[in-house]
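Asks: have a look; sequence and predicted model below, questions after that.
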Amino acid sequence: MISRRSWQTARGYVVAPLAVGVALLLAGRRRSGLVGLGAAGAALLFFRDPERPLDPDPDVVYAAADGFITDVEEAREAWIPDGEALRISTFLSIHNVHVNRSPVRGSITKMEEVPGKFVPAFLGGSKEENYQNRIAIDGPKGRAVVVQIAGMVARRISRWVETGEAVSPGQRIGLIHFGSRTDVLLPAGSADPLVSPGDRVRAGMTPLARYRK
């Protein structure tokens, strides 16, 4: 499945190779034409956006991205009160769904686009150095920060929400083009992680952490 917003993002990657592939087939260049059609199909598959109904537990923080967990660690975060945070990082390979979803319920109170490098997203340096989009969500349990980090391939992030907008757990908030990384940061001591490095997670479905009572 591909949603309307995903298609709006995808068509720039799909239409050109599709048109070239069809033209080559009509010109009798079957092998080259099939390569073009294959590239269009692969791009369309990359931008898939499946429905994921969720009956959220208010004490749970959900995954913001598909992929595997690379880090569960203490971190400094200026947008978190007192600056101390729990950071849970997910690496998205080119095969994963790349739509990001809100990990919690709340209101978007702050957003920032940060220019930077395009270090491969699976490397540790990407979280400080790469081009990224930062989103602060204030809810009943406090603040959560989602950091969308671009990788070295397409180097683009599509944002689907605006400051002041209310979001629900599992709601689509944006899309990172091709290989990338997504971090979820919570105030230190506010929640216990439910995942470990190497775990596979799915956006809007997998519990990342549980808030303490």
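Replies: It's in.

Asks: when you work out contacts or count neighbours from here on, use the C-alpha atoms and nothing else.
Replies: Noted.

Asks: go through stretch 71-84 and flag the buried ones.
Replies: In terms of neighbour count (16 or more other CA atoms under 10 Å), stretch 71-84 has its buried residues at 71-72, 74-75, 77, 79-80, 84.

Asks: next, the distance between the ends of that stretch.
Replies: 16 Å (CA to CA, to the nearest Å).

Asks: what is the mean pLDDT for it?
Replies: On average, the pLDDT along stretch 71-84 is 95.

Asks: how far out from the middle of the chain is it?
Replies: Taking CA atoms, centre = their mean, to the nearest Å, one finds stretch 71-84 lying 19 Å from the centre of the chain it belongs to.

Asks: could I get the buried residue list for stretch 87-102?
Replies: Quick answer for stretch 87-102 (16+ other CA under 10 Å): 87-93, 96-102.

Asks: for stretch 53-66, same thing?
Replies: 56, 59-66.

Asks: try stretch 156-175
Replies: Buried residues in stretch 156-175, counted by 16+ other CA under 10 Å: 156-159, 161, 166-175.

Asks: circling back to that earlier point, identify the farthest-apart pair in the buried residues of stretch 53-66.
Replies: Farthest-apart pair in the buried residues of stretch 53-66 is Asp59 and Asp66; separation 20.7 Å (CA to CA).

Asks: follow-up on the earlier one: out of the buried residues of stretch 53-66, who's nearest Ala188?
Replies: Ranked by distance to Ala188 (CA to CA), those are led by Val61 at 13.8 Å.

Asks: circling back to that earlier point, so which of the buried residues of stretch 53-66 sit within strands?
Replies: Among the buried residues of stretch 53-66, the members found in strands (DSSP state E) are 60-62.

Asks: could the residues you listed go into JSON lines alongside pLDDT and distance to Arg143?
Replies: Output for these, formatted as JSON lines (pLDDT from 0 to 100; distance: CA to CA, whole Å):
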{"residue": "Val60", "pLDDT": "98", "distance to Arg143": "13"}
{"residue": "Val61", "pLDDT": "98", "distance to Arg143": "11"}
{"residue": "Tyr62", "pLDDT": "98", "distance to Arg143": "14"}
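
Asks: can you map out the helices along this structure?
Replies: 4-26, 30-46, 126-129 (DSSP state H).

Asks: grab the nearest non-local neighbour of Gly106.
Replies: Of all residues not flanking Gly106 in the chain, Gly139 sits nearest, at 3.9 Å (CA to CA, 6 or more residues apart in numbering).

Asks: so, low pLDDT: which residues of the protein?
Replies: Low-confidence segments of the chain (pLDDT under 70): 1-21, 25, 33, 35-46, 116-129, 151-155, 179.
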